[in-house]
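# Give me a 3D structure for the following:
(chains A and B)
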Amino acid sequence: MTDQQAPDGSDLSRRRFIVRTMVVLGGAIAALLAIPVVGFATAPGWQAKTTPKLLSTTVAPTLRSNDWTSIGRVVDFEVGVPKYLEVERNIVDGWVTEIAPIGIQVVRSTDTDVVVFDPHCTHLGCPLAWSTGAEAFVCPCHGGSFKSTGEVVSGPPPRPMLRYETRTEGGEVLIGTFIADAV
Amino acid sequence: MGRIRSWLDERLDVSPLVSGFLDRKVPGNIGWFQTLGSATLFLLIVQIVTGIALSMSYVPSPDHAYDSILYIDQTPFGGAVRGIHHWSAGLLVLLIGLHTLRVFVWGAHRYPRELTWVVGAGLFFVVLGFAFTGYLLPWDQKAYWATVVGTNIAGSAPIVGGAMLELLRGGQQLGAVTLARFYGIHVWVLPAILFLLVGIHMFAVIRQGIAASPRRKPLVDPEPGLSRREAYEREYAAEKQAGKPFWAALMKDAIVAAVLLAVVGVLAVSQGAPLDPPANPNSTDYVPRPEWYFLDMFQLLWYFTGSLEPLLIFLIFTFGATVFILVPFIDRGRARHPRQRPVAMGLTAVVVAGIVGLTWLGVAGTPAGVVVIPPTEGMTQPQLDGLSVFNDQKCATCHEIHGLGGHAGPGLSRAGFRWSPEDIRTQIVTPKNDEMPAYDGLTSKQLDDLVAFLSSLK
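Numbering: from 1, shown residues only, chains lettered A, B, ... in the order given. Model prediction:
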């Protein structure tokens, strides 16, 4: 590199070297700090448990529990008539572990089978209520509705209602986590 | 006073900067419309000041957030401060929109102010981010459900949807982690970005000077052979030559700020800040509705159904945001006067009409809570009973009558004129299309009354 002189006689190539070193060093320091800071702040994103899909239908329920919880006996439910229940379940939310109620819709489909739904619309998660007039779960947000089997009747919902895993032990019904294909 | 001032100035040497700022010439034809930018800045400052005050009594935890808001409302001036923060937030969204519109119509995003526009567009999204994250903090019903819906919309993006949803919520659930994240984003992340972008935006505004209002015929006749930069500098120099000092334009900004503060103050003191019952993730009868400035997007969701909906919505939002940011590189050319840009003005009118129309449909058609159609004079008893059936079955969720109600099904304002009673009955019990659930669980009296009511709408 040829020696260049600024008007005041100082060394331009030395100036350029120092400025560039500062930029590179500053950039390196910023990057080093950014790794843990950005990594920590975005961890929920890159650790996401939701499977990526091209046509994403990700409506994530806001309350979750992984324990098996009893919701009553099969004979407590009338065939074909949905029943809304709130069951106390173990919820882990970050640093909070608590027993809290989770609302469910229980439909006894046959004498022996019980289907348990999350009562939220699969469009955007608005709360569903059972309409006796329409015999459907109706969403107040954009007119989505579902049959008692969870299938979509009308409106924008892209898929059936979310269901819980169920297990019957001696006539008692237990629910687990959401059925995998649903979430 | 004079002695204190000169004492300070001897130490800070700030007077050359102040006079350089105040005495610099600006174009003469700037007026009330150019106060929208300073009004936006003013409301941002109001938000920061009141937000800092609120943060001293607010706790971002589901256990305490709602109670800390109640506590703020009971503390002297607490309700007023929260009221100002709430109302000025809404006004801020309105004003930043108007400011953006003004700049575009005036052609002020053109050379050499493209970067000012791009940074300003970034600020627009930062303000919407503030609104979205600030919403959740009271942890009331509206807060909770708006966030359920908002994060689920993010979750419907193709491929990255799940990751975006979990990034926003801090996991799949919406709870303590989400509230803490939203608080951190609202009071630290977004303000940091805000300061940076406002700094660049203001720096550019001061360095480039305020854009002159467009003229159909420029002050100086264009000289052939000049580069774009030379032509611009020649014209802007002429504008400044015929202009006024910056201080002479400031009174209008002060008046607008005072009026805005008065409006926000009156709303804050008379209305306070709204607060729903505490968030209840298990409520089954709550009807989620966003604040008015997100209603246009919420309303848009009525018109898309099917498995491609999420993709369409994602493409529309992404396309819209990209075009918005890149406006100065799309709408080029030298003519800045709106009359010389008919295509740009036409498209702007369509976008503005769309936003206003969708917002109006949302505000008027779907008020908070379950939509209830009121009775009108002269209705018979069966018609009134039919109206109660209509309201009990929440038919207005999907069907609009005289401007009230949703848009999933056909409007029924003239149902009796369009269809015979038999057709109406058939459509209720055994709908021809699959877009409506069959209301075959009604008693025959309910059905008769409902048909009587609908047939009376002409």
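# center of the chain - which residue?
Unless you meant another one, I'm taking chain A. Closest to where the C-alpha atoms of chain A average out (C-alpha atoms, centre = their mean) is residue A:60, at 2.9 Å.
# Correction: the question concerned chain B.
Nearest to chain B centroid, counting by C-alpha atoms, centre = their mean: residue B:293, 3.2 Å.
# Excluding chain neighbours, what is closest to that one?
Leaving aside its sequence neighbours, residue B:293 sits nearest to residue B:93 (C-beta to C-beta, 6 or more residues apart in numbering or on different chains; 4.4 Å). Placement of C-beta: from N, CA and C, glycine included.
# now the longest helix along chain B: how far from the chain's centre is it?
In chain B, assigned by DSSP state H, the helix with the most residues is helix B:78-105. Averaged C-alpha coordinates place helix B:78-105 at 9 Å from its chain's average position (C-alpha atoms, centre = their mean, to the nearest Å).
# Going by neighbour count, list what's buried in that helix.
Across helix B:78-105, burial judged by 16 or more other C-beta atoms under 10 Å in any protein chain shown covers B:78-93, B:95-97, B:99-100, B:103-105.
# What's the first helix or strand after the lowest-mean-pLDDT helix or strand in chain A?
When the helices and strands of chain A are compared on mean pLDDT, DSSP states H and E, strand A:152-154 comes out lowest with a mean of 87. Next helix or strand after strand A:152-154 toward the C-terminus (DSSP states H and E): strand A:164-169.
# Check what contacts that following strand and list those residues.
A:68, A:74, A:104, A:112, A:114-118, A:173-179 (C-beta atoms under 8 Å, 6 or more residues apart in numbering or on different chains).
# neighbour-wise, which of those residues leads?
residue A:118 (25 neighbours; other C-beta atoms under 10 Å in any protein chain shown).
# List the contacts of residue B:287.
Residue B:287 sits next to A:126, A:140-141, B:368-370 when contact means C-beta under 8 Å, 6+ apart.
# which residues touch the helix or strand residue B:344 falls within?
Using DSSP H and E, residue B:344 falls within helix B:342-360. The contact list for helix B:342-360 (C-beta under 8 Å, 6+ apart) reads B:101, B:104-105, B:292-293, B:295-297, B:299-300, B:331, B:338.
# again, 10 Å this time
Applying C-beta atoms under 10 Å, 6 or more residues apart in numbering or on different chains, the set of residues contacting helix B:342-360 from outside is B:97, B:101, B:104-105, B:107, B:292-300, B:302-303, B:320, B:323-324, B:327, B:330-331, B:333, B:338-339, B:341, B:403.
# Which ones among the residues you listed map onto helices?
Per DSSP H, the contacts of helix B:342-360 map to helices at B:97, B:101, B:104-105, B:292-300, B:320, B:323-324, B:327, B:330.
# which of these are buried?
Among those, the ones that count as buried by 16+ other C-beta under 10 Å are B:97, B:104-105, B:293-300, B:324, B:327.
# list the buried ones in the helix or strand following the longest helix of chain B?
Remark: after helix B:78-105, the chain's next helix or strand is helix B:114-136, criterion DSSP H and E. Buried residues in helix B:114-136, defined by neighbour count with 16+ other C-beta under 10 Å: B:114, B:116-124, B:126-127, B:129-136.
# Just give the nearest non-adjacent residue to residue 46, would you?
Picking chain A for this. The shortest distance from residue A:46 to any non-neighbouring residue, by C-beta to C-beta, 6+ apart, is to residue B:163 (6.9 Å).
# that answer is for a different chain, and I need it for chain B
residue B:88 (4.8 Å).
# Please list all residues in contact with that neighbour.
The neighbourhood of residue B:88, defined by C-beta under 10 Å, 6+ apart, consists of B:42-47, B:49-50, B:95, B:260-261, B:263-265, B:267-268.
# Top of the residues you listed by number of neighbours, please.
residue B:43 (25 neighbours).
# returning to that earlier point: is the residue nearest to residue B:293 in contact with residue B:290, as I believe?
No - using C-beta atoms under 10 Å, residue B:93 is not in contact with residue B:290, being 11.8 Å away.
# Overlap of the contact sets of those two?
With C-beta under 10 Å, 6+ apart as the test, residue B:93 and residue B:290 both reach residue B:131.
# Report the separation between the two terminal residues of stretch B:28-35.
End-to-end distance for stretch B:28-35, by C-alpha to C-alpha, to the nearest Å: 14 Å.
# Determine whether any part of the host helix or strand of residue A:107 lies close to chain B.
Element membership for residue A:107, per DSSP H and E: strand A:96-108. Yes - Strand A:96-108 lies within reach of chain B by C-beta under 10 Å from any C-beta of the partner chain, at A:96, A:98, A:100-105.
# Put the alpha carbons of the strand or helix carrying residue B:423 into PDB.
Assigned by DSSP H and E, residue B:423 falls within helix B:421-429. In PDB, the C-alpha atoms belonging to helix B:421-429 read as follows (Å, rounded to 0.1, in the frame of the first residue of the first chain):
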ATOM      1  CA  PRO B 421     -92.300 -18.400   3.700                       C
ATOM      2  CA  GLU B 422     -92.100 -22.000   2.500                       C
ATOM      3  CA  ASP B 423     -88.600 -21.400   1.000                       C
ATOM      4  CA  ILE B 424     -87.400 -19.700   4.200                       C
ATOM      5  CA  ARG B 425     -88.700 -22.700   6.300                       C
ATOM      6  CA  THR B 426     -87.000 -25.200   4.000                       C
ATOM      7  CA  GLN B 427     -83.800 -23.300   4.100                       C
ATOM      8  CA  ILE B 428     -83.800 -23.200   7.900                       C
ATOM      9  CA  VAL B 429     -84.600 -26.900   8.500                       C
END
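# any weak-confidence spans in chain B?
Along chain B, the parts satisfying pLDDT under 70 run over B:305-306, B:367-368, B:434.
# Spell out the residue ranges of the strands in it.
B:25-26, B:244-245 (DSSP state E).
# Dump these into CSV; add mean neighbour count and distance to chain A as well.
CSV is the format used below for those (neighbours: other C-beta atoms under 10 Å in any protein chain shown; distance: least, C-beta to the nearest C-beta, whole Å):
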stretch, mean neighbour count, distance to chain A
strand B:25-26, 18, 32
strand B:244-245, 14, 35
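# who does the least confident helix or strand of chain A pair up with?
strand A:145-146 (antiparallel) (DSSP bridges).
# ok, the spatially closest residue to residue B:165 that is not a sequence neighbour - contacts?
Nearest residue to residue B:165 in three dimensions, chain neighbours excluded: residue B:155, at 3.4 Å (C-beta to C-beta, 6+ apart). If you count contacts by C-beta under 10 Å, 6+ apart, residue B:155 has them with A:50, A:56-60, A:124-125, B:161-166, B:168-169, B:172, B:310.
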